[in-house]
Structures are given as C-alpha cells and as structure tokens.
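Undergrad: predicted model, plus sequence, below.
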Amino acid sequence: MQIDLRTVSIKPLRHTFDNIARRIGGDKPASRYQEGTLDMQQTANFHYRPTWDPEHDIYDASRTAIKMADWYAFKDPRQFYYGAYTMARAKQQDTAEANFDFVENRGLAATLPESVRETVLKVLLPLRHVAWGSNMNNASVCAYSYGTGFSQPHIYHAMDQLGIAQYITRVGLLLGDVESLEEAKRAWVEDDAWQGLRRYVEDTFVIKDPVELFVAQNAALDGLLYALVYETIIDDVLSSQGGTPVAMLTQFMTDWFAETRKWVDATVKIAASESAENKAVMAGWLTHWRDRAAAALLPVGRIALGDRADEALAEVVQQFNARMAKAGVTL
Amino acid sequence: MDMQVAKKKLGLKERYAVMTRGLDWTPSYQKMEDIYPYMQYEGIKIHDWDKWEDPFRLTMDAYWKYQAEKERKLYAIIDAFNQNNGHLNVTDARYVNTVKLFISGISPLEYVAHRGFAHAGRAFPGPGPRVACLMQSLDEIRHAQTQVHSISNYNKYYNGMHDFHHMHDRVWFLSVPKSFFDDAITAGPFEFMVSIGFSFEYVLTNLLFVPFVSGAAYNGDMGTMTFGFSAQSDEARHMTLGLEVIKFILEQDPANVPIVQRWIDKWTWRGYRVLTLVAMMMDYMLPKRTMSWKEAWEVYFEENGGALFKDLARYGITMPKCAEQIALEKDHLSHQAWSTFYNYAAAANFHTWMPDEDEMAWLSSKYPESFDKHYRPRYEFWREQAAKGNRFYNKTLPMLCQTCQIPMLFTEPGDPTKICYREVDYKGDKYHFCSDHCKEIFEHEPEKYVQSWLPVHQIYQGNCFPEGTDPTVEGFDPLAAVLKYYNLEFGRDNLDFDISEDKKNFAEWRGQATKNA
Ligand SMILES: [Fe+2]
Ligand SMILES: [Fe+2]
C-alpha cells in the first residue's frame, strides 16, 4: 500500500546529533558541513599504537608544536564537505574545459608570440613537479594532523594540487609536446634556476610537524608562488605581451589561489590567535619558510622577468606580509 | 612549422602516464629513506614501482565531474526522503536498528579508511599507488559524510544514534569494528593495503556493504539505499585497487609471498569476525530478509572467493586456512550472536527482540541443520519468560577475546554445545581467545595485541565511569554509571524493542498517515 506520508506532521525528537549540539550551543538544526566535520575523527580509547610511529597515538595532537584547547576551532570558511567541494570543483572544471576548448578550437596556441610560448614552457612546466610535491605534502598533513576541522581541507587541497599538476601538463601538451614535459623535468632536476625550489620542496618532504608543513607548503610557498607566477607573470606581464590565451588556460589556478587563500588565512589566524606561544611559533615558521621560498623563487622569476624579478618578488612578499598581518601574524 | 599538425595525438594510456607518472622525480636533497620512512620495516621488497598497473585511469578533472554529478543526485534524493517523511515507509520500526548498527559501527570506519589511505598514499614512493590511494582517501570521506547526512534524518526521530561518535569510541561491542580498523591503520602501509584494500574491500565487501544496502532496499529505506548504490561505483574502483595491490606486491619479489599470505589469513579472519554483526543483522534485524547469512557466505565467499583464490594460486597464494572453520560456523554464527545481544540488550544502543513465528519458520528453513535443534528451544523459553514478565537481561560482563574483542560466545568447531576457549600466557599474564585463529594472530604480534582496549577489562578497572564517579559509595550501580559514560539513555536507547519508544512512535506516526485524525 502506498500511503501519503507527506501529510503527516510529526515533531522530531531532536534536531541534530549530541556532539553537534554540544558544539553549536544546543539542539538546533545543523549544516551539512557541521555534521560532516565535527568530531568525525575518533578521539578516545585507541587500541594500538601505530607500528610506524609508536611514540604517538593514531591521531595525536602532540605531533605538532601548535597547541589548541579545541582543534575544532579550525573551521573552513568555504564550508567544504565532500559534496560541496566536488560540486565547486566541477563548476571550475567546466570553465577550465571551456577555456581549453576556446584556445584549442581557435588555434590560439599557434598565435602566441614565440617568446611568450617559450617563457611559458620554461616557467610553468616545471611547476607540475612542485604541484606534485604539494599533493604529497597535503596528503601528509591530512594523514598526521589532528581533528577533522584541520585535516579535512588538506585532502581537498592535495587533490586540487594533483589537478593543477594535470592542468599544467595539458598546457604543456597544448603549447608543446611530450618532449617539452621531459625537458621541463630535466630542468627541474638539473638546471641551477630550479635547484633552490627543488631543495625547498624536498626539504618539506621531511617535515614531521603537520602544522609546520601546512605553513611551509600552503601558506609560504604557494602564497608567494601563485602570486608571482599566475597573478604577476602570466596574468600581468605575459598577457600584455599577447599571452592572454595562457591566462585562460591557467584561470583554474588563479581562481583556486583566490579561493584557497581565504582558508589558509583563516587557518593561520585561528592557530595564532589561540595563544601567544602559538603566535610566536607560527611567526617563526612563516618567516623562515617565507624567506626560503622567496630566495628559491627569485631565479624562477628571472626566467620570465629578467631583472624585474627582484622588484616583482619584493611586491609579492609585501602582499604576503600584509595577508599574514591581517591574519594576526606580523612578520 | 605548424606545431598543431606535427604533434602526435597521445593514446589514453600515454596521456594518463604523462598526467600522473611523469610528475615525480628522484630526489637528491633528502634521502629516500627519510622521505619514505615506512617502506622497509614490513619486509616487503619492491624493485620497480613503475610496474604498477594503474587500475583506473582517472584524472582529477574527470573525477570532479563524475563525483559532483553523483553528489547532486544523491543529495536531491536525501532531501526528498526527508521532506516526505520517508522513514515512515520502512517495513517496521525494528528495521531502524540496522541503521543504528550501521552509523555507530560502520560509518566511523569509513572515516578511518579516509585517514588510512591518506597515510598509505603518502607513504608509497610510486606515483601510481599514491594517486590511487589518495583518490580512495577522498572517496572514503565521501562515504563517511554521505552516511552521516543520510542517517541524520533518522536520528531526528529514533533513539540510539544521537551520540554515535562518542559511542563508537566507548560502547563495548563497538570495540569490535573499531579495533579492526585501528589494527589496520596501525599496521605498516603494505599491510594496511592488504587488510583494507584487499581483504576488506575486495574479499569481504559483498558481505558487509551489500547486505546493508540490499537490506535497505528490501525494507523501504530509500535514504540508505541511495547512498549505498551511490557508493557502489566508488567501491568498484576500490576493489580494483585492492586486487592490483596484491598482484603488484606478489609480482615484485617471491619473498613477499609468505608475508602477504600471513596477512591474507589474518585479515580474512579479522574481517569475518567483524561480520558476525552483519550475520545477525541479516538473519534477525531485517524485518524483510534478503538472504540468509549462510547463503551470503556461500555465494560471496565460497563461490566468488574460491574463484579468486584459484586465480591467485599462480602466485603461490592459497585459500586462508580459517575458511574451514568459518564453514563449520556458518550454521551457528548469527544465532549465537543474536542470543548474546538479546542477553545484553541493556548495554547496547539498539533494541533486540525474539523472532516471531513466521521468522522462526524462515530460520528453520534456512538453517535446517541447526536452528530447530539448538536455537529454537532457547528462543521459545525466552519468549515464554518475557510473556511472564521475566524478559531476561544479563547483568554480568562477558569475557572478551583479546584479538577480535567479541565476547566468548562462539562454540568449538564441530560442537555447537561447547563454548570455545583458548588461552596464552605472555609475560606473566593470561590472555583469552575465542578461537585458534585469534590466538595465532596474537602469538605472532603479542606486543601489539596486549595493548587492546578491552571494554570489559576497562569497566572492571574503573575506566568507564563518568569523571568524578565514586564506585565505593553505598548502592553504587555500575551498569548505570557505564551507560552514563556511553551517553546511552536507559529506557530509550536500550532494552527490548517491544517496550521501546521507537515502536510506539512509529505506530503512532504511521497511524496519522493511514487514519483520520
Ligand atoms: Fe567506503
Ligand atoms: Fe576472537
């Protein structure tokens, strides 16, 4: 028998789960972000210590120097749970696909000035390895950090970076070919201009503190790299030299940086505002990794900008300092 | 030169290779063993990561596109289900207890899988396995969240699920699934892949996931059914990964074979013990049955698994030895489990009940060798007692198996009248086991399993009372204190279904839909 149940008006016994009610100040309807995030990670009565890290519990807040009274103080301003995340990225992917189609169908790649094409291949293509490194580092933060509020955005970030590595690969295949990718990898491994950056990336692979790794990768390195390469070199300088199609091909990265930066800033702010000790630790990491990142990026900037790289990078560092100051950490 | 013309088009496989395989490089500023510190200690030898065959060639752009489409559909159905009081369409309110079991026992494991695959993905130096693991990590957080979102609506109307995260970490029987996944994630990355990727996802998933999903479909639960089917397409990928992992490891070095065989033996048994909960769910908790536990085991393990192990024989892998004992237990498992939960109905977050006459007849027909002889008389006695107002609630605490953490409820292989006990002395302490297999698992890694957080031991040690409890005061009620620690509400979350608020409310709400006010 099919009965019409819509007509039944029943009073719910409760509006959300107890753990959510405890956190949002009472039993009231909760968002999907909240129900999908808060307390998702187990916290008590673990059965065994990791054989790969017997000093720690499976999830262990003491893997980092940052101390939080409550790790769920970390909230993603984008409110990304899996569904919201994939739908947002699918939309951006639609735009990216349309942009690639536009450039391909009109043969715009062939109209690029040779100097622009060459610069793009030289500067952009090795960055697929940096994105791959970021994929690995963000997987690391996701695996070893504490509390889903903090860990969750890192798996999204990890897969975004894999996506970015793949977009860069597509740009390489469109403006060049498989040999261009191979040449870029050779440059990444051998050429002087890239060794500072490669050393930076490999050094981050051995960072054990997940919050420091967040700082080194997502705040410092990407904070400078995306501003320098995508916002300054591609969107600004190359566009004025006839490279607008390139800016279309990298729009995903530009939009992504604008979006993810809000989460990065919020995360820095929450960690730093917890205590004077946290703020000092964050400031120390931010300064150390910013300086290293700036030094590593300078020769990369010079490939595209020549002597103007110093000035452009100084400006990017300034912007970064301003961002961090707004997040409560004066560098 | 027109470079557009000169460029050769890449095939799918080549294209995927440059999209993924081409991304890594050999590091020189840090040592490999510092970047990948967990690669050696399990003894698995990998000579060439590039031999990894990518089981599915999915780039991120395609992933986002497919998955977003699935999410859009799934959430539309969940919304409609909630708005239309879809929960009142289930066969009867007893069904909701399977949902309670699922959200407090299984959904938190999806989350551990998410973190575990992030760990494994980070740990492997090869880009092929890394990408596959990380994609699965992303899928698993999807599973955890879509389950919470689907079941959120049930929580609004039914008891027992209101604090499932808290309960998962504390309630006695939930240490069975919890310790299973804790065991996997604390193992090395290779063992994790064999335990979850292969044994769980590939060999046992049809016995875990499918019974819940088809049970939901049979019992009118559109919400659960929808996330189940939506997750199935991810599972297909995960199963492929699980199989690829095994083949890859086995092909890399003959010395890997005995290590992998041990893991397969261990994890098939560990997984099977967790499936005890599913077995009783299938045979007792679904008002409308899909198939019996025994039938499911025969189809999904004995037939399908048999074919799989025949296929793996060329690597030197054999059928896990425990399969023989499981075959002996299949006539008894679900009945012994349900009897135990019927006993301990005061301390669980779901209701139990005695099967009615029709259901007893179904059980007799599905278990002709065992049901009428061993279990029906027991049930009839309990039913009689309940009718007289003596519904039996066991107030003592059971001894638990040190490995699987299930109460010692299983009988000797081949003798369903005698409880099976095994024990081991280790460093001056005695440890107890439900079976030879659990005992062997302990003996191989005693330093790991002595750590088990056994709920019963913990209660006796006074670790499961709310903070500030003084167990020495006059009239101290340990059960009440433990339930408080569990945040389990006496009289609402527990006890017999017959006297439950769930039963009463469901009847009243259905009544509103079918009768005039
Ligand atoms: Fe899953
Ligand atoms: Fe056991």
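TA: Right, received. Where do you want to start? Ligands and ions are numbered 1, 2, ... in the order given.
Undergrad: tell me the buried residues in stretch B:228-240?
TA: Residues of stretch B:228-240 classed as buried by neighbour count (16 or more other CB atoms under 10 Å in any protein chain shown): B:228-231, B:234-235, B:237-240. (C-beta placed from N, C-alpha, C; glycine too.)
Undergrad: go on, stretch A:32-46?
TA: A:32-42, A:45-46.
Undergrad: which ones among these are found in helices?
TA: A:32-37 (DSSP state H).
Undergrad: most proximal residue of the stretch 51-200 of chain A with respect to ligand 2?
TA: The nearest approach of the stretch 51-200 of chain A to ligand 2 comes at residue A:51, 20.4 Å away (CB to the ion).
Undergrad: looking at this, that residue is in a helix?
TA: No. Looking at residue A:51 with DSSP: H, G, I helix; E, B strand; the rest coil, it is coil, so not inside a helix.
Undergrad: I'd say it and residue B:186 touch.
TA: Yes. Using CB atoms under 8 Å, residue A:51 is in contact with residue B:186, at 5.7 Å.
Undergrad: more neighbours, these two?
TA: residue B:186 (23 against 16; other CB atoms under 10 Å in any protein chain shown).
Undergrad: tell me the pLDDT of the nearest residue to residue A:167 once chain neighbours are set aside.
TA: Spatial nearest neighbour of residue A:167, chain neighbours left out: residue A:252 (5.6 Å); criterion: CB to CB, 6 or more residues apart in numbering or on different chains. We have a pLDDT of 98 for residue A:252.
Undergrad: what does residue A:202 give?
TA: Looking at residue A:202, its pLDDT is 98.
Undergrad: what about it, how many neighbours?
TA: Per other CB under 10 Å, the neighbour tally for residue A:202 reads 18.
Undergrad: now it: how far from residue A:216?
TA: Here residue A:202 is placed at a distance of 12 Å from residue A:216 (CB to CB, to the nearest Å).
Undergrad: and for residue A:26?
TA: Residue A:26 is 40 Å from residue A:216, by CB to CB.
Undergrad: higher neighbour count, those two?
TA: Each of residue A:26 and residue A:216 has its neighbours counted (other CB under 10 Å); residue A:216 has more, 25 against 10.
Undergrad: wasn't the more buried one part of a strand?
TA: No. Using three-state DSSP, the secondary structure at residue A:216 is helix, not a strand.
Undergrad: distance of it from residue A:290?
TA: In this view, residue A:216 and residue A:290 are 9 Å apart by CB to CB.
Undergrad: and chain B, which of the ones in helices among the buried residues of stretch A:32-46 reach it?
TA: When CB under 8 Å from any CB of the partner chain is applied, the members of these adjacent to chain B are A:32, A:35-36.
Undergrad: restricting to C-alpha, output stretch B:222-229 in CSV.
TA: Below are the C-alpha coordinates for stretch B:222-229, written out as CSV (Å, rounded to 0.1, in the frame of the first residue of the first chain):
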residue,chain,number,x,y,z
MET,B,222,15.3,4.8,0.2
GLY,B,223,17.8,7.0,2.0
THR,B,224,20.2,4.4,3.0
MET,B,225,19.8,2.5,-0.3
THR,B,226,20.6,5.6,-2.2
PHE,B,227,23.9,6.4,-0.6
GLY,B,228,24.7,2.7,-0.8
PHE,B,229,24.2,2.5,-4.5
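Undergrad: and the residue of the stretch 201-331 of chain A closest to ligand 2?
TA: Taking CB to the ion, ligand 2 has its nearest neighbour within the stretch 201-331 of chain A at residue A:210, 34.9 Å off.
Undergrad: can you tell me how far the residue of the stretch 351-500 of chain B found nearest ligand 1 sits from residue B:498?
TA: The minimum distance from the stretch 351-500 of chain B to ligand 1, using CB to the ion, falls at residue B:404 (21.3 Å). To residue B:498, residue B:404 is 31 Å away according to CB to CB.
Undergrad: what about residue B:432, which SS state?
TA: Under the three-state scheme (three-state DSSP), residue B:432 adopts strand.
Undergrad: list the residues that contact the closest residue to ligand 1 within chain B.
TA: Nearest to ligand 1 in chain B, going by CB to the ion, is residue B:143, at a distance of 3.7 Å. The neighbours of residue B:143, taking CB atoms under 8 Å, 6 or more residues apart in numbering or on different chains as the test, are B:107, B:110, B:113-114, B:227, B:231, B:234.
Undergrad: tell me the phi and psi of the closest residue to chain B within the stretch 1-150 of chain A?
TA: As assessed by CB to the nearest CB, chain B sits closest to residue A:90 within the stretch 1-150 of chain A, at 3.4 Å. Dihedral angles of residue A:90 (phi, psi; degrees, to the nearest 10) stand at phi -60, psi -40.
Undergrad: that one: what's it in contact with?
TA: Counting by CB under 8 Å, 6+ apart, residue A:90 touches B:64-65, B:67-69.
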